[in-house]
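In: the sequence and its predicted three-dimensional model are supplied below.
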Amino acid sequence: MNSCTVVHPIAPLYDEESKVLILGSFPSVVSRAEGFYYANRTNRFWPVMEQVFEESINSREDFCHRHHIALWDVVYSCTIEGSSDSSIHDVIPNDIEGLLSKTSIQHILTTGKTAAGLFHRYLPQLSNPVELPSTSAANASKRLDDLVKEYRIVRELIEND
């Protein structure tokens, strides 16, 4: 597969009442094509959120707004091979500080080691995020139950804020 430079095609999902920002690294090929976060059917993000919040998610956008969750990625543009996080280079980060300035976000969480590493490298001026495991199917070491246990912090942060 060839590397190519890609600009993030999905707008951040948030509103002024967002309390928690969940950051991935960069959207997968499927998410870029579908224009929404965690769109790949093999990604376990949405099934995890359903279990954490104990509800079926019909509209992912409505779910995020209702629970004051903002979604975005650390990277604005990069050179990448397909969906491979390990191939990401030539990074330009998203304007996370700009997003924070127009919301009520108090907590930042990253999904996966790459997102956390990119955050620390390119956004060191921001407070340390809560680092969560990747929900990608490529993270086979984590079962769905394990992910649900670790992602419960999303609900706890929202409800205790």
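Out: Nice, thanks for sending it over.

In: what's the helix or strand for Val6?
Out: Here Val6, judged by DSSP states H and E, is contained in strand 3-7.

In: where does the nearest residue to Val148 once chain neighbours are set aside sit: helix, strand or coil?
Out: Ranked by CB to CB, 6 or more residues apart in numbering and with sequence neighbours excluded, the top spatial neighbour of Val148 is Gln51, at 4.6 Å. All C-beta spots, glycine's among them, are computed from the backbone N, C-alpha and C. For Gln51, the secondary-structure state derived from DSSP: H, G, I helix; E, B strand; the rest coil is helix.

In: identify the residues contacting Ala137.
Out: 40, 42-44 (CB atoms under 8 Å, 6 or more residues apart in numbering).

In: closest to Val74 out of the residues you listed?
Out: Asn43 (16.8 Å; CB to CB).

In: if I pick that closest one, what's in contact with it?
Out: Shown in contact with Asn43 (CB under 8 Å, 6+ apart): 28, 135-137.

In: repeat for Asn2
Out: Under the criterion of CB under 8 Å, 6+ apart, the contact list for Asn2 reads Glu81.

In: that's a helix at Leu23, yeah?
Out: No. If the criterion is three-state DSSP, then Leu23 is strand and not within a helix.

In: would you agree Val91 falls within a strand?
Out: Yes. Inclusion of Val91 in a strand is indicated when three-state DSSP is applied.

In: doesn't Tyr122 make contact with it?
Out: Yes. Taking contacts as CB atoms under 8 Å, Val91 lies within contact range of Tyr122: 6.3 Å.

In: before we move on, the earlier item: among the contacts of Ala137, which one sits closest to Leu23?
Out: Ranked by distance to Leu23 (CB to CB), the contacts of Ala137 are led by Asn43 at 14.9 Å.
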